[in-house]
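A.B. asks: Sequence below, structure please.
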Amino acid sequence: QLQLVESGGGLVQPGGSLSLSCAVSGFSLDYYAIGWFRQAPGKEREGVSCISRSGGSTHFADSVKGRFTISRDNAKNTVYLQMNSLKPEDTAVYYCAAGPLCVSPLRDFASWGQGTQVTVSS
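C.D. replies: The predicted model follows:
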């Protein structure tokens, strides 16, 4: 059974950085595109970024372009979301999810992790 586990969340000051990890188990990461989503209290879930199976294609929400990067290490079955220049509006629970394709807008991600909290506050 495919399982995804996020880690790396926490409290950071505005302008700071965090690196989130999504560890995949049960199946090889080679078979999946991975997406990162976030949901803030009282708001709808937002697709943040995705990376294709090969890593050759990525997409980012306009709200994070230029600040976030995504990468994957298939040998370690792990995908990373590097978040720089964080803003209070980036505060949310961040989820990773596995799906067949990385396209914009993000869709068809069927397997989800439990999420990790990111709080940006002074």
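A.B. asks: Give the bridge partners for the residue sitting nearest the centre point of the chain, please.
C.D. replies: By Cα atoms, centre = their mean, the chain has its centre lying nearest to Trp36, at 2.6 Å. With DSSP bridges as the criterion, Trp36 is bridged to Ser49, Cys96.
A.B. asks: In the chain, where is pLDDT below threshold?
C.D. replies: Along the chain, no part satisfies pLDDT under 70.
A.B. asks: now do 90
C.D. replies: 1, 27-28, 103-108 (pLDDT under 90).
A.B. asks: Which stretches in it count as helices?
C.D. replies: Taking DSSP state H as the criterion, the chain contains no helices.
A.B. asks: now the strands for it?
C.D. replies: Taking DSSP state E as the test, the strands found in the chain are 3-7, 10-12, 18-25, 33-39, 46-51, 58-60, 68-73, 78-83, 92-99, 111-112, 116-120.
A.B. asks: right, and those strands - which one's nearest Pro105?
C.D. replies: Of all the strands of the chain, strand 46-51 sits nearest to Pro105, with 6.0 Å by Cβ to Cβ. All C-beta spots, glycine's among them, are computed from the backbone N, C-alpha and C.
A.B. asks: how about the strands of the chain in CSV, adding distance to Pro105?
C.D. replies: Below are these laid out as CSV (distance: least, Cβ to Cβ, whole Å):
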stretch, distance to Pro105
strand 3-7, 20
strand 10-12, 27
strand 18-25, 19
strand 33-39, 10
strand 46-51, 6
strand 58-60, 8
strand 68-73, 16
strand 78-83, 17
strand 92-99, 12
strand 111-112, 17
strand 116-120, 21
